[in-house]
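**Student:** give me coordinates for this.
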Amino acid sequence: MALIGFGEVGETFARNVQWQGVKGWDILAERRAIMPGLGVALGEDCGEVLATADVILSLVTADQALDAAREYAPYLPQEAMWLDMNSVAPQTKAMAAEAVEAVNVRFVDVAIMAPVDEGLSVPMLVSGNKADEAVETLTALGFTDVRSVGSTVGRASAIKLCRSIMVKGIEALTAEMVLASSQAGVLDEVLASLDASEKPVEWAERADYNLNRMLKHGGRRAAEMIEAAEMLRAMGTSAAMSDQTVAWHEQLGGLEMTDPPETLSAKLKKIRATPEFGGE
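**Tutor:** Residues are numbered from 1 along each chain as shown. Here you go, the predicted model:
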């Protein structure tokens, strides 16, 4: 096996298990220097590392994922398996797959769905026409929570990145909210109010409710958020998230669905059918 890229993910995996015969490569000399101490052998160059690899974990930074696939493809042994674990868009995974499969190497889209400090128990989703084989391979390597989500490269990454819109978006909204609340001297009250209004609701129900509110009352809610954004600017705090909230409420409220469909899937279908969202 070969590890391409030895940042946080590669180092964490190596610390959690002693894989036999694993080699590694990283473009940074300081990262290569710590590999032997974690049981990862070095080669003279990346070509040597890859020459005898049956399984390759691509663990580079997102901006280097496609370049790594294209640059290293000529060194890959035929019938090897390239497991692309980088957090990139589905279309990026598809282009990486094209480069790798052109040299008769099996490409698998892998999405790591939680912080890697969970080690080999971190949940993983895999997709591509070799997804079932990848599940077996990753399980044999010691990973304990691996699941196939289909035969299309990019499907696993789409699940991860769509989820990231919410997870990272909430983090960004949190920053905007707590900075403004602190500046206004009302942080404790705001946090207590959020606690009081929070209810344990499944996300399908929550998504349906949120869309319903935006479709029916988007104009009024946009007007409120315009005022919130103005408050932030007056405080000297970024209003980036609030400004985009205004835009989304205006866009969905502008569809004038005063009586939206009852189910979430029906709402989404009707939204996508409008000219504003690419429909006829």
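
**Student:** which residues of the stretch 51-200 of the chain fall in strands?
**Tutor:** Along the stretch 51-200 of the chain, counting by DSSP state E, counting those that start in this stretch, strands occupy 55-58, 81-84, 106-112, 124-127, 146-148.

**Student:** in a markdown table: those strands, plus mean pLDDT and mean neighbour count.
**Tutor:** The way it works is simple: take the backbone N, C-alpha and C, and place the C-beta from them, glycine included. Listed next are the strands of the stretch 51-200 of the chain as a markdown table, based on pLDDT from 0 to 100; neighbours: other C-beta atoms under 10 Å:
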| stretch | mean pLDDT | mean neighbour count |
| --- | --- | --- |
| strand 55-58 | 97 | 24 |
| strand 81-84 | 98 | 26 |
| strand 106-112 | 97 | 26 |
| strand 124-127 | 98 | 24 |
| strand 146-148 | 98 | 17 |
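
**Student:** of these, which is nearest residue 15?
**Tutor:** Minimum separation from residue 15 across these (C-beta to C-beta) falls at strand 55-58, 14.5 Å.

**Student:** what packs against the closest one?
**Tutor:** Secondary-structure packing of strand 55-58 (3 or more C-beta pairs under 8 Å, 6 or more residues apart in numbering; DSSP states H and E): strand 2-4, helix 65-72, strand 81-84.

**Student:** wait, residue 145 sits on residue 119?
**Tutor:** No: using C-beta atoms under 8 Å as the test, residue 145 is too far from residue 119 to be in contact (10.7 Å).

**Student:** which SSE is immediately downstream of whichever strand or helix holds residue 30?
**Tutor:** Using DSSP states H and E, residue 30 sits in helix 29-33. Downstream of helix 29-33, the next assigned helix or strand under DSSP H and E is strand 41-42.

**Student:** which one is residue 218 nearest to, not counting chain neighbours?
**Tutor:** residue 253 (1.8 Å; C-beta to C-beta, 6 or more residues apart in numbering).

**Student:** ok, how many other residues are close to the one you found?
**Tutor:** For residue 253, the neighbour count with other C-beta atoms under 10 Å is 20.

**Student:** any idea how far residue 65 is from the closest residue to residue 141 other than its chain neighbours?
**Tutor:** Residue nearest to residue 141 in three dimensions, not counting chain neighbours: residue 19, with 6.8 Å by C-beta to C-beta, 6+ apart. Distance, residue 19 to residue 65, by C-beta to C-beta, to the nearest Å: 22 Å.

**Student:** more neighbours, these two?
**Tutor:** A count of neighbours by other C-beta under 10 Å puts residue 65 above the other of residue 19 and residue 65, at 23 against 17.

**Student:** how much space separates that one from residue 81?
**Tutor:** To residue 81, residue 65 is 16 Å away according to C-beta to C-beta.

**Student:** surely residue 2 meets residue 57?
**Tutor:** Yes: Residue 2 lies in contact with residue 57 (C-beta under 8 Å); the separation is 7.3 Å.

**Student:** can you report how many residues neighbour residue 122?
**Tutor:** 20.

**Student:** doesn't residue 116 make contact with it?
**Tutor:** Yes: using C-beta under 8 Å, residue 122 is in contact with residue 116, at 5.5 Å.

**Student:** related to what we said a few turns ago, and the pLDDT at the residue nearest to residue 218?
**Tutor:** Note for residue 253: predicted pLDDT of 93.

**Student:** next up, the contacts around the residue nearest to residue 141.
**Tutor:** Residue 19 makes contact with 1, 39, 141-142, according to C-beta atoms under 8 Å, 6 or more residues apart in numbering.
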